[in-house]
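Peer 1: sequence first, then the predicted structure:
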Amino acid sequence: MRRTRILSLFAAFAFTVMADPVSSVAYAIEAALRDLDGQLSDLFPAMLLVVVTIGLVAGTYHQLIRRFPSGGGGPEGVAAAFGESWAFLPLAALLIDFTLTVAVSCGAAAAAAISYLPGLASWRLPIAIGFALLVAAGILLGHRGRIAFATATILFIAFAFAVLAGGAGTAPATASPAPLVGDAGTIAVLLAMPLGMALATGVESPSNAIGHLGYFHDRGRRLFGQVTLWLMIAIVGGLTLGLTALAVSLGVSEPPADSTLLAEVARRSVGGGAPFAAFQALTALLLLAAAASAYAAASGVLRALAVHGAPGRGLLPAAFGLRNRGYVPYWGVLAVCGASCGLLVLAGGRETGIVGFYAVAVFISFVAALAACAKLSLNDRRRWAFLVNVAGLVPVAYVLFANCLRIDGIVSILASVAVATALWGSWVRRGRPGGIAGSVVEGSSAPARP
């Protein structure tokens, strides 16, 4: 019985923290294809490079889970390697990333609904904002919906693999479909990779969320975190490459304005009837689960910062530390909701207008975590661990640099730096209280007790 309950807890834990990265399959492939101007011959190599890079990043987070079994991930690693003052950079980047996750997910959920009901296209912005408000209201009722996140993730994964199976026997739209790798252009692939790396968001989640497994010893938390991490990489990588290959083989290029790439692939694979409707509904549900997770994470981090240090002397206004009857930090939820709705208005409710910002902020956190882990590995004379860190750092640094050449990338980086600077200034004025890197654990998804 004990083993069964632990397996149930693992499923709830793993598929809850997996909602964000799995949901990114709904828009990351399309973002890369749009940057390739619809050239299918370049799409599979670009996404293959993305998946390989994510695997290298996961190698470092595997090490961070081993080093910090109480959670904290990148910020804890940065604090240990370079000092606590530097932990604000990845912490701020994650706050920006959480806010962008809400906006992108709600915009993509609206797109999924419109793909099934094109007549709703003129209502795209109200639908996206409505989703953002609906999820915020749900979060304010309490955190008991986390099991729904896990259920939505599992159902989407099952249906996505059904789409892959159905598409395997579907004839391509053209007599000579584009090859998966043969005609790829190296420059085009490298230029499209940064937007495709939107797929990487959420890789850090297991390293943060294990902090809530306090009823396990360090060994148990490490095991939960590391197995979840690699299961997540296998599922996200498998779905991404499978759906990309299916899009190429079926000749599904840039979708029309009232649809998405994922919807067009599913439509060709399973038809336009009930299975397609179910898949679109599950896609929207998963995206809203990812938004809910981001709301909870961001408001939790904001609360931790507000109550950090001496009573009444937190790094943020005391209002962010207040919680309602459901123990939800409601001012944090409202702040993230307002910012996300503002982004949706600026983008006209389209997730494609936000992905360029979204694919940047988290990479500040990744670069900081990879560099910190490399320094710690070098200090410990762990040569192979150091090589893994550097192997991940090189492509991630390239992605961050490439995004500096885009106006949306520059804006996202400046926003992260501005938030980090403001938090650092508040921290200095309050006497530099210790333990700041642990704030990210407060915002992680907490699984149910066994």
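Peer 2: Here it is on my side, so go on.
Peer 1: okay, CA-based contacts and neighbour counts for the rest of this
Peer 2: Noted.
Peer 1: would you agree residue 396 is in contact with residue 365?
Peer 2: No - contact criterion CA atoms under 8 Å: residue 396 and residue 365 do not qualify, at 10.3 Å.
Peer 1: can you tell me the SS state at residue 324?
Peer 2: Reducing the assignment at residue 324 to three states with DSSP: H, G, I helix; E, B strand; the rest coil gives coil.
Peer 1: how far away is the residue nearest to it when sequence neighbours are not counted from residue 16?
Peer 2: The shortest distance from residue 324 to any residue that is not its chain neighbour, by CA to CA, 6 or more residues apart in numbering, is 6.6 Å, and that residue is residue 330. Separation of residue 330 from residue 16 (CA to CA, to the nearest Å) stands at 21 Å.
Peer 1: next secondary structure element downstream of the one helix or strand residue 76 maps to?
Peer 2: Secondary-structure assignment from DSSP states H and E places residue 76 in helix 73-82. Scanning forward in sequence from helix 73-82 by DSSP H and E, the next helix or strand is helix 88-116.
Peer 1: mean confidence for the helix or strand just after that next one?
Peer 2: Per DSSP H and E, the first helix or strand lying C-terminal to helix 88-116 is helix 124-140. Along helix 124-140, the predicted confidence averages to a pLDDT of 94.
Peer 1: again with stretch 84-99
Peer 2: Taken as a whole, stretch 84-99 has a mean pLDDT of 90.
Peer 1: so how far is that stretch off the chain centroid?
Peer 2: Relative to the chain's own centre, stretch 84-99 is displaced by 14 Å; criterion: CA atoms, centre = their mean, to the nearest Å.
Peer 1: put the alpha carbons of that stretch into CSV.
Peer 2: Listed next in CSV are the C-alpha coordinates belonging to stretch 84-99 (Å, rounded to 0.1, in the frame of the first residue of the first chain):
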residue,chain,number,x,y,z
GLU,A,84,23.5,35.8,-2.9
SER,A,85,23.4,39.2,-4.6
TRP,A,86,23.6,37.4,-8.0
ALA,A,87,20.6,35.2,-7.2
PHE,A,88,18.3,38.1,-8.0
LEU,A,89,19.1,37.7,-11.7
PRO,A,90,17.6,34.2,-12.2
LEU,A,91,14.9,35.0,-9.7
ALA,A,92,13.8,38.1,-11.6
ALA,A,93,14.0,36.2,-14.9
LEU,A,94,11.7,33.5,-13.5
LEU,A,95,9.2,36.1,-12.4
ILE,A,96,9.1,37.6,-15.9
ASP,A,97,8.9,34.1,-17.3
PHE,A,98,5.9,33.2,-15.1
THR,A,99,4.0,36.3,-16.2
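Peer 1: which outside residues touch it?
Peer 2: For stretch 84-99, the surrounding residues in contact (CA atoms under 8 Å, 6 or more residues apart in numbering) are 74-76, 78-79, 294-295, 297-298, 301, 336-337, 339-340, 358, 361-362, 364-366, 368-369, 412, 415-417, 419-421, 423-424, 434-437, 440.
Peer 1: return the members of these classed as buried.
Peer 2: In the contacts of stretch 84-99, burial by neighbour count holds for 74-76, 78-79, 294-295, 297-298, 301, 336-337, 339-340, 358, 361-362, 364-366, 368-369, 412, 415-417, 419-421, 423-424, 436-437, 440, counting by 16 or more other CA atoms under 10 Å.
Peer 1: residue 327 in helix, strand or coil?
Peer 2: coil.
Peer 1: state the number of residues packed around it.
Peer 2: 12 (other CA atoms under 10 Å).
Peer 1: sketch out the low-pLDDT regions of the stretch 101-250 of the chain for me.
Peer 2: Low-confidence segments of the stretch 101-250 of the chain, defined by pLDDT under 70, span residues 142-146, 169-185, 214.
Peer 1: swap in 80 and give it another go.
Peer 2: Applying pLDDT under 80 to the stretch 101-250 of the chain picks out residues 141-150, 167-193, 211-216.
Peer 1: residue 302 and residue 421, how far apart?
Peer 2: The span separating residue 302 from residue 421 equals 15 Å under the rule CA to CA.
Peer 1: ok, residue 293 next?
Peer 2: As defined by CA to CA, residue 293 lies at a distance of 26 Å from residue 421.
Peer 1: rewinding a little: what's the helix holding residue 76 packed up against?
Peer 2: With contacts defined as 3 or more CA pairs under 8 Å, 6 or more residues apart in numbering; DSSP states H and E, helix 73-82 has these neighbours: helix 40-67, helix 88-116, helix 355-379.
Peer 1: so which of the ones you listed comes closest to residue 345?
Peer 2: Distance to residue 345, taken as CA to CA, is lowest for helix 88-116 among those, at 9.7 Å.
Peer 1: quick one: the closest one to helix 73-82, angle?
Peer 2: Orientation check (axes from the mean of the first three to the mean of the last three CA atoms, to 10 degrees): helix 88-116 against helix 73-82 gives 160 degrees.
Peer 1: if we ignore the residues flanking it in sequence, what's nearest the spatially most central residue of the chain?
Peer 2: By CA atoms, centre = their mean, the mean C-alpha position of the chain lies nearest to residue 201, the distance being 2.9 Å. The shortest distance from residue 201 to any residue that is not its chain neighbour, by CA to CA, 6+ apart, is 5.7 Å, and that residue is residue 21.
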